[in-house]
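**Q** I would like the atomic coordinates for the input below:
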Amino acid sequence: DLSAALFICTANNLYDIPVALRDRMEVIRIAGYTIEEKVEIAWRYLLPKLLEENGLLEQDLQFTDEVLGYISSGYSREAGLRGFSRNVSSLMRKRARKKAEGEEGAWLVDIKMIEDVLGPQRFTSEAAEKEPEIGAVTGLAWTSTGGDLMLIEALRMPGSGRLIVTGQLGDVMRESVDAAYSYVRSRAHQLGIENKSFKEHDVHIHFPAGAIPKDGPSAGVAITLAVASVLSERPVRRDIAMTGEVTLRGRVLEIGGVKEKTLAAYRAGLRQIIMPKSNEKDLRDVPAEVRANMAFTFAQTMDEVIFLALLPAGLSHAADFGPLQESDPAVRPALPEREIAIGTHG
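**A** Residues are numbered from 1 along each chain as shown. Model prediction:
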């Protein structure tokens, strides 16, 4: 008789659970560890445990925050610690074997040693592109392994008004693309787009990293901006990352994973983020050090996002102009007083 039994299940990816079973569960979402949290856990718990298991002393193998972070981000990109622990243990077994052969002294672990033992880096994190470009937007995504940048590309070409979408998207994200296209059509006059453009041109929206499944509504802001940019031939500021769901009326709705997405932008070198106004409360989960070095703009409508991030027509690719500065007249309108520096936000 299991009528009084409580089953507790865990999963790294909610969408891997069959729908019929998922509908019968009470889902409690717990964010994965950030790189900084993994490093701290390693110092407090993981390293002492693994040193004892491998018969080593603290002076036999010495780590730094930098190398532990490198192992976490480059070799074990995951929500938990299983792969991270396995990779650190591999380094310790190598040291234990040398110690058993009579080698004395401390090993100072560096990146070269990590690559000699673990092989080439398995995961790479590229710095974000920051120069304005037409039809290219830097979005933010939440995955089972944490936050990540999501580049969205849009291309206009002669055609018959078709909307082409590629990049292994789920149903929810495809609906976000349709909603974004409809919103831009409804704002064609304000954006300076001729109505015939929708009939005489096809629009292709692509989400790179096609082998990785993508779903969810939080890319709506970035998708809408990419469509508006390519049809109006106005470049997008690439020094800003953005996230948020968009309705047909242009309302920007709340999303999840604020902490993970903010950290992803911070690691990529971006220092400005646009997110929904209703997510302002979630900033308390972001580490204080990150909040102090970033600026956040909280938008309620897509019109506000367009005003902030879509530059005037005539500024083509940054390859022709070089990076724009805040003193540039074309950039100044995109920096209104509504932008809030978290250092003074509390």
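**Q** helices of this structure, start to end?
**A** Taking DSSP state H, the helices of the chain run over residues 19-22, 35-41, 47-53, 65-75, 82-100, 111-118, 171-186, 188-191, 196-200, 220-232, 258-267, 288-292, 302-309, 318-321.
**Q** tell me what the longest one is packed against?
**A** I take that to be helix 82-100. helix 47-53, strand 61-62, helix 65-75, helix 111-118 (3 or more CB pairs under 8 Å, 6 or more residues apart in numbering; DSSP states H and E). Bear in mind the C-beta positions are built from the backbone N, C-alpha and C, glycine included.
**Q** minimum distance to Glu153: which of the ones you listed has it?
**A** Of all those, it is helix 65-75 that lies closest to Glu153, at 25.0 Å by CB to CB.
**Q** then the closest one to PDB, C-alphas only?
**A** Output of helix 65-75 as PDB, limited to C-alpha atoms (Å, rounded to 0.1, in the frame of the first residue of the first chain):
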ATOM      1  CA  ASP A  65      40.300  30.000  -7.100                       C
ATOM      2  CA  GLU A  66      41.400  30.600 -10.700                       C
ATOM      3  CA  VAL A  67      42.200  27.000 -11.400                       C
ATOM      4  CA  LEU A  68      39.100  25.600  -9.600                       C
ATOM      5  CA  GLY A  69      36.900  28.000 -11.700                       C
ATOM      6  CA  TYR A  70      38.700  27.000 -14.800                       C
ATOM      7  CA  ILE A  71      38.000  23.300 -14.100                       C
ATOM      8  CA  SER A  72      34.300  24.100 -13.400                       C
ATOM      9  CA  SER A  73      33.700  26.200 -16.500                       C
ATOM     10  CA  GLY A  74      36.000  24.400 -18.900                       C
ATOM     11  CA  TYR A  75      35.500  20.700 -18.100                       C
END
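**Q** what packs against that helix?
**A** helix 35-41, helix 82-100, helix 111-118.
**Q** picking up where we left off before, can I get the helices and strands packed on helix 82-100 in JSON lines with distance to Glu101 and mean pLDDT?
**A** Shown next, in JSON lines, are these (distance: least, CB to CB, whole Å; pLDDT from 0 to 100):
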{"stretch": "helix 47-53", "distance to Glu101": "18", "mean pLDDT": "94"}
{"stretch": "strand 61-62", "distance to Glu101": "15", "mean pLDDT": "92"}
{"stretch": "helix 65-75", "distance to Glu101": "24", "mean pLDDT": "91"}
{"stretch": "helix 111-118", "distance to Glu101": "16", "mean pLDDT": "93"}
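**Q** give me whichever of the ones you listed is most buried.
**A** helix 65-75 (a mean of 19; mean count of other CB atoms under 10 Å).
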